[in-house]
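Asks: Everything below, folded, please.
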Amino acid sequence: MKWSEICVHTTQLAVEAVSNLLHEVGAQGVVIEDVEDFDRMMAEDHFGEIWDVSDRETYPTSGVHVKAYVPASGDFQDVLANLRKEIERLRSMLDIGSGEVTVAEIDEEDWAHSWKQYYKPVKISQHLTIVPLWEEYTPQPEENVILLDPGMAFGTGTHPTTMLCIQAIENYIEEGDRVIDVGTGSGVLSIAAAKLGATSVKALDLDSVAVESARQNVETNGVESLVQVDTGDLLKGVDGEYDLVVANILADVILLFIEDAYARTKTGGRFITSGIIGEKRAEVTSALMAAGFEIEETRVMEDWVAIIAKKG
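Replies: Numbering: from 1, shown residues only. Below is the predicted model:
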């Protein structure tokens, strides 16, 4: 069977938006090649990541490559033309860089290898390590493992926004907390919350592929009794109050439901947001404070920001 590798040359800011477009054309996951990430991981031992990636020369000298793999089909050229149009439409909303789209054809065996070479066990916080399903891994004492199939939905746990969010959850969660995860993707934040002591987690996503992926990952990690995965459009139609509301999505989306997040957060509870590019930090901070939140902490990794806001 033949597969088509679609590569989009874009910016860090546009990675999630471009990833969503690739999902819409049939991709089951994305690979992100960022030379700044490569250099940082090679130079530092941040939480002990173990990366096995291709040579630095294959990375773009500037910007980011977002790669996806889709089955070769008779209508692929039409799909590709539509993808290029949708990427160009993003220019009115985001800096997408060149937006150049290239395609390569590969065999199924090469496709499988292309996926697996990018994912190795990654220690993302003091107590949590993300391990791909196909990797053998022996955890250390007090180390908690999250098993993920990263080829199914956005959210492998290695992106700075996800790491920031999980580290904040680990820092602020208390035994017995109720948590709601808005835009769950692969379900990694919900799984982390359950393994860190939450007794009830509600995971929501509008994308049916993400919902199914999250459900499978939740079952793989044995936390299905604690995590309920549902289709949901942000917090629309959600009632009740939660100790933690978490969202790792684009800043422009966060701005759409801050008031709903305030309503769903218990007094004394927290709204943990990530996916915020540095230039959006002030705007999101102002909106959180306008809604009634107190800014308790701001964390930064590379160009990304996570904000922990408390309902006083």
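
Asks: switch to C-alpha atoms for all contacts and neighbour counts from now on
Replies: Will do.

Asks: Just name whatever secondary elements the helix or strand where Leu80 lies is in contact with.
Replies: Element membership for Leu80, per DSSP states H and E: helix 76-89. Using 3 or more Cα pairs under 8 Å, 6 or more residues apart in numbering; DSSP states H and E, the elements in contact with helix 76-89 are helix 15-24.

Asks: Name the residues of the helix it packs on that are buried.
Replies: Using 16 or more other Cα atoms under 10 Å as the burial criterion, the residues of helix 15-24 that qualify are Val15, Glu16, Val18, Ser19, Asn20, Leu22, His23.

Asks: quick one, what contacts the nearest residue to the third one once chain neighbours are set aside?
Replies: With Cα to Cα, 6 or more residues apart in numbering as the measure, Ile87 is the residue that lies nearest to Val18, at 7.0 Å, once sequence neighbours are left out. Taking Cα atoms under 8 Å, 6 or more residues apart in numbering, we find Ile87 in contact with Val18, Leu21, Gly99.

Asks: Could you give the secondary structure assignment for the last one?
Replies: Spelled out, that is Gly99. coil (DSSP: H, G, I helix; E, B strand; the rest coil).

Asks: where's it relative to Gly63, distance?
Replies: 10 Å (Cα to Cα, to the nearest Å).

Asks: Give the residues shared as contacts by these two.
Replies: His9, Thr10.

Asks: Below-threshold pLDDT in the protein: ranges please.
Replies: Within the chain, the stretches with pLDDT under 70 are 1, 28-29, 35-58, 107-118, 150-158.

Asks: residue ranges of the helices in it, please?
Replies: Applying DSSP state H to the chain gives helices spanning 15-24, 35-43, 76-89, 108-116, 160-172, 188-195, 208-220, 251-254, 258-264, 281-291.

Asks: Minimum distance to Lys2: which of those helices has it?
Replies: In terms of Cα to Cα, the element of the helices of the chain nearest to Lys2 is helix 108-116, at 5.8 Å.

Asks: Can you tell me which of the helices of the chain is most buried?
Replies: Of all these, helix 188-195 has the most neighbours on average by mean count of other Cα atoms under 10 Å, namely a mean of 27.

Asks: packing partners for that helix?
Replies: strand 144-148, helix 160-172, strand 178-182, strand 200-205, helix 208-220, strand 227-231.

Asks: Any idea which of these gets closest to Thr298?
Replies: Minimum separation from Thr298 across these (Cα to Cα) falls at helix 160-172, 9.7 Å.

Asks: ok so, going back, from the buried residues of helix 15-24, which single one is nearest Ile295?
Replies: Nearest to Ile295 among these, counting by Cα to Cα, is Glu16 at 25.3 Å.

Asks: For that closest one, give its distance to Glu5.
Replies: 18 Å.

Asks: Once you drop chain neighbours, what's closest to Asn217?
Replies: Leu148 (6.0 Å).

Asks: how many other residues sit next to the one you found?
Replies: A total of 27 residues lie near Leu148 under the criterion other Cα atoms under 10 Å.

Asks: For it, give me its contacts.
Replies: Contacts of Leu148 (Cα under 8 Å, 6+ apart): Ile130, Val131, Pro132, Leu133, Thr156, Val188, Asn217, Thr220.

Asks: can you tell me how far it sits from Glu135?
Replies: In terms of Cα to Cα, Leu148 sits 10 Å off from Glu135.

Asks: hang on, the earlier thing: to Asp303, which of the helices of the chain lies closest?
Replies: Between Asp303 and the helices of the chain, the tightest spacing by Cα to Cα is seen for helix 160-172, at 8.8 Å.

Asks: can you list the residues that contact that closest one?
Replies: With Cα under 8 Å, 6+ apart as the contact definition, helix 160-172 has outside contacts at 124-126, 155, 157, 189, 192-193, 196, 246, 248, 272-276, 299-302, 304-306, 308.

Asks: before we move on, the earlier item: can you list the buried residues of helix 15-24 in a markdown table and add distance to Thr231?
Replies: Shown next, in a markdown table, are the buried residues of helix 15-24 (distance: Cα to Cα, whole Å):
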| residue | distance to Thr231 |
| --- | --- |
| Val15 | 23 |
| Glu16 | 19 |
| Val18 | 22 |
| Ser19 | 19 |
| Asn20 | 16 |
| Leu22 | 20 |
| His23 | 17 |
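
Asks: Does Gly185 touch Ala214 like I think?
Replies: Yes: taking contacts as Cα atoms under 8 Å, Gly185 lies within contact range of Ala214: 6.5 Å.
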